[in-house]
Each structure stands twice: as C-alpha cells, then as structure tokens.
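Visitor: predicted model and sequence below, questions to follow.
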Amino acid sequence: MCYAIPAKLTAINGQIGMLDYFGEQRKVLLDETENYQIGDYVFAQGGIVVSKLEEAEALAILDAWKDIFFELKRQDQELAQVNLQTASPNILSILQKANHGQEITRADAEILLQLQHPHELKVLYEVANAVRQKVHGNASCIHGIIEFSNYCKNSCHYCGIRCERDIPRYRMQPEEIIELARDTMQRYGFKAFVLQSGEDEWYDDAMLEKIVSTIKHLGALVFLSIGIRSAESYQRLYQAGARAALLRFETSNAATFEKLRPGTSFNERINLLRELKTMGYIIATGFIIGFPGETHAETIGNILLAKSLQPDMHSFGPLIPTVDTPLASYPKLTKAEVLKVIAVTRLLDRNSNILVTSALETLDASARKEAFLAGANSMMINLTPLEYREQYAIYDNRACKLSVDDAVSDTVQLLFSLGRAPTDLSMKAGN
Ligand code: 5AD
C-alpha cells in the first residue's frame, strides 16, 4: 500500500505546476523547479511536490489504483448524502446555507454547538461530511508521526510530559530518526513525516537541520512539531527543507493559556505562527477542547482564531485528564462534543483539512470513523518505536498501541470502507 498516488506533471509556470490524477487537475508548488519537467511523474504532499519517480514505476502504481480510485470516489459520494428532512426548524436554514456552499456565521456555529439530540447531531454530521466531500473530494492526507523526544522544559498543567513529572525520558539520536523515516518510507510509502517532541533544546539547530535536510532529500514533506523556537531557527530549518509546522495555540483565551502554561506567552505563540506562515511554512494549528471553564462561545473563538492563521490543517482534540498533572481530576468530554467541534469547524472553514487526533481515539476507539464522517479528512499514523511510544505519555492511555504494520492495515481498511484515497487531490485546481 502506498500512502500517496503518483501524478503526472502537465504544466509548469514558474514555481507553480499542474498535476493530473486520473484526469483531475491540481495546482502544486515546485520547490526546486530545475529538477522537474513536464511529463514527469511525481508525488505531492500538502500541495508541494516532494519527489519524482520513474515512469514505469508510476504507471505500475497507477495501474493498481485505477479501478479502485473511481470505485472509492463513488462510494464516498454515496456516503455523503444528506437528508435535511430530519433537521429541526431552528437549524434547517443554517444547514441549508452550509449545504449550498456558504460559510456559516459565529452565531450559527454557537447554535450548532448547543445541539444535543442524536437526530440533530446526525444531520449536522451529514452536512459537514457533504461539505468535506464537495470541497475536498475523497482525498485524505495520511502523515507518519515520529515522536523523537519526551524531554520538555515546560510545565503545562494538562500535559503528561511536563518537566516536573517523574517519568522515564528518552531522546532518539538523529541517525535513529532518519533511519526510521527511511525505513517506513520504503516499507509503507509514507511521504510526509511529522517530527514531534517536547520543547527540548538538546537538539540544536545544526542537529535539526541535518535531520530535516536528510529526510527531505529522501523525498518527503517534513513537518516540524517542536514547539517554540526562535524565528531564526525556524528560518534555518525552512532553508534545510522543512515545509510545514504543527504548532497548536492550545486556547484562544490568553488568560487561560498563561495560567495553564506557566512561563509561556500567548502572544509569542501567535506571533510565531504568523511568522511561520510568512516564511512559507504550511501551518497546522488548533487547540485543546474542554479546558476548565471553557464555554461554547470560547470554543468557537478557538476555531476562528485557528482559521485566521490560514492553516492548511486544523488539529484539535479533547483534553484527556492525566494522572500526576494539575488537571488530573478534571472531567472528560463526551465523544459527541468533539464530533460537533469537527463538524462546526468544517462549516466555518470549508477549505482546510481537519485532522482526526489520537486524543479523540483515546476517548473512544470507534470515534475515528465517526470523525471522518463528520467533516474530518486527515490522520496520522504513529511510527515512534514501541519502546519509546509508551514513554511519550502526553496523556493517559493514548490510543497508539498498534505496531506500524497493524496501524497501516487498520487505516487502509478504514479509509477504503469510507471510500477515501490517499491522494493530494484535496481542493481542486482553481480553488
Ligand atoms: N489531553 C489532550 N491533549 C494534550 N496535549 C498535551 N497534553 C494533553 C492532554 N492531557 C496536546 C497539546 C499539544 C499536543 C502535542 O498534545 O495540545 O500541543
């Protein structure tokens, strides 16, 4: 199974290229234009061409995909039907508006987040799924995540790897990280790697540059998730080949942020996110749902702050109260609260991808499928070696126990059952 479908480069105009996937067109960024020519077969991730492959290899992969590609699309379309007849009068006009292509307002979003009745939630999820289908087709991005260090200098009140916590700590050596990326790329075809850690200054810029540049040159999109570093460091890492950054702002409430993240600054984080965007990074950002005292209005503020940062991908998940942290005895959210946030995010920001996070899966093992049917279209597969994974205890009982082999087959099964395909075809050319 390959985690990306190759495409043919059909036009080049400066740094912008046009890709053809079985007749569908998609605009892409060509990072190193000198390496590509019209007619080349390439892999793209997040709207960026990451590698080239031989025609014979591309044709063999495309041949294996060609029947299933259209069958999956048909299946996705079938699953994306909406039956608005069951919508109550108070939400009908909002859902109709969303279903007809308009973005909803803050007030609409607040009404939707209050919904409780299962039949109302069902229709909300259906509309969000239909919007996802219309805007993104059946494309799903699947990234591999490597959690390379659980050392962290911060002491966030919710986080299980906060520095005060007495847990076994590990650091993967640069070579180990690179080899893991190389191996999982060869074995499973991953084309995008999220490199995540606590805020760990043991990895200096030069070390990170080497990791980033080697993995980029393997032909993959490198996604950094390393927390706050100086703009200069991020600039150097961009030059080394990193093209995406996952950095949550955690909450749009600056007072809550500073209370739960002692010694860190809300403005610094938001400013860094803006700078990363300006540098050219693809942004993934978001928040934790359900901090103490959070209202629905605040959750909507979180979604809208994320949207204002122009993310390629939204990443948010429920708070999982974790032993040995100040929020240990705080209540958990229900699955429906999280699915509602996914659906409402889809209606507030139609064009971005929405990630299904492992915090949601931890809340409920069956939630991943429901999330994909409520507006989400991306996920990550955990590649961290099992001996470290348990120690990356950002919260209790994380849903990440499967071996990479099992996680890959599990994911393929899920995606195929939903008519989804791992292409970079989300948002067609011209959008
Ligand atoms: N529950 C849910 N998410 C958490 N994170 C950290 N601790 C928790 C928790 N207890 C999230 C934060 C961080 C991401 C890597 O993990 O949002 O940005």
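Guide: Noted; the coordinates are in hand. Everything quoted here is computed from the prediction, not taken from an experiment.

Visitor: and Trp65, what does it touch?
Guide: 5, 22, 421 (Cβ atoms under 8 Å, 6 or more residues apart in numbering). (C-beta placed from N, C-alpha, C; glycine too.)

Visitor: show me what from the stretch 251-400 of the chain comes close to the ligand.
Guide: By the rule Cβ under 6 Å from any ligand atom, the part of the stretch 251-400 of the chain lying against the ligand is 288, 317, 319-320, 322, 359, 394-395.

Visitor: distance from the centroid: which residue in this protein tops it?
Guide: Pro89 (34.0 Å; Cα atoms, centre = their mean).

Visitor: please report the distance of that one from Ile48.
Guide: Distance, Pro89 to Ile48, by Cβ to Cβ, to the nearest Å: 45 Å.

Visitor: before we move on, what about Ile91?
Guide: 38 Å.

Visitor: same deal with Pro118?
Guide: Distance, Pro118 to Ile48, by Cβ to Cβ: 41 Å.

Visitor: do Val212 as well
Guide: Distance of Val212 to Ile48, given as Cβ to Cβ: 14 Å.

Visitor: those two: which has the busier surroundings?
Guide: Here Val212 and Ile48 are compared on neighbour count by other Cβ atoms under 10 Å; more neighbours surround Val212, at 24 against 19.

Visitor: per-residue confidence at that one?
Guide: On pLDDT, Val212 comes in at 98.

Visitor: look up phi and psi at it.
Guide: Main-chain dihedrals, Val212, degrees, to the nearest 10: phi -60, psi -50.

Visitor: ok, now which ones touch it?
Guide: Contact analysis of Val212 by Cβ under 8 Å, 6+ apart lists 195, 222, 224, 237, 240-242.

Visitor: give me the buried subset of the contacts of Trp65.
Guide: 5, 421 (16 or more other Cβ atoms under 10 Å).

Visitor: any idea which of the contacts of Trp65 is closest to the ligand?
Guide: The closest of these to the ligand turns out to be Ala421 (Cβ to the nearest ligand atom; 27.5 Å).

Visitor: tell me who's in contact with the closest one.
Guide: Taking Cβ under 8 Å, 6+ apart, we find Ala421 in contact with 5, 65, 68-69, 72-73, 138-140, 415.

Visitor: may I have the beta-bridge partners of it?
Guide: Assessed by DSSP bridges, Ala421 has beta-bridge partners Ala139.

Visitor: from Gly46, how far out is it?
Guide: For Ala421, the distance to Gly46 (Cβ to Cβ) stands at 16 Å.

Visitor: now do Arg162
Guide: Distance, Arg162 to Gly46, using Cβ to Cβ: 31 Å.

Visitor: does Glu337 touch Gly290 like I think?
Guide: Yes - using Cβ atoms under 8 Å, Glu337 is in contact with Gly290, at 7.1 Å.

Visitor: between those two, what contacts are shared?
Guide: Here Glu337 and Gly290 share the contacting residues Pro318, scored by Cβ under 8 Å, 6+ apart.

Visitor: neighbour count: the two, which is higher?
Guide: Shown here are Glu337 and Gly290; by other Cβ under 10 Å, Gly290 has more neighbours (23 against 16).

Visitor: so who does that one touch?
Guide: Each residue near Gly290 by Cβ under 8 Å, 6+ apart is listed here: 318-319, 332-333, 337.

Visitor: how about residues contacting stretch 115-127?
Guide: Outside stretch 115-127, the residues touching it (Cβ under 8 Å, 6+ apart) are 80-84, 86-88, 91, 95, 98-99, 112, 336, 339-340, 343-344, 347, 370, 373-375.

Visitor: restricted to helices, list those residues.
Guide: Judged by DSSP state H, those include 91, 95, 98-99, 112, 336, 339-340, 343-344, 347, 370 as members of helices.

Visitor: could those residues be laid out in JSON lines, adding neighbour count, distance to Asp31 and pLDDT?
Guide: As requested, the ones in helices among the contacts of stretch 115-127 are exported to JSON lines (neighbours: other Cβ atoms under 10 Å; distance: Cβ to Cβ, whole Å; pLDDT from 0 to 100):
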{"residue": "Ile91", "neighbour count": "20", "distance to Asp31": "44", "pLDDT": "96"}
{"residue": "Leu95", "neighbour count": "24", "distance to Asp31": "40", "pLDDT": "97"}
{"residue": "Ala98", "neighbour count": "26", "distance to Asp31": "35", "pLDDT": "97"}
{"residue": "Asn99", "neighbour count": "18", "distance to Asp31": "37", "pLDDT": "95"}
{"residue": "Leu112", "neighbour count": "26", "distance to Asp31": "39", "pLDDT": "98"}
{"residue": "Ala336", "neighbour count": "17", "distance to Asp31": "42", "pLDDT": "97"}
{"residue": "Leu339", "neighbour count": "23", "distance to Asp31": "36", "pLDDT": "98"}
{"residue": "Lys340", "neighbour count": "25", "distance to Asp31": "38", "pLDDT": "98"}
{"residue": "Ala343", "neighbour count": "31", "distance to Asp31": "34", "pLDDT": "98"}
{"residue": "Val344", "neighbour count": "27", "distance to Asp31": "34", "pLDDT": "98"}
{"residue": "Leu347", "neighbour count": "25", "distance to Asp31": "33", "pLDDT": "98"}
{"residue": "Glu370", "neighbour count": "18", "distance to Asp31": "36", "pLDDT": "97"}
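
Visitor: which single one of these is nearest to the ligand?
Guide: Nearest to the ligand among the ones in helices among the contacts of stretch 115-127: Leu339, at 16.1 Å, using Cβ to the nearest ligand atom.
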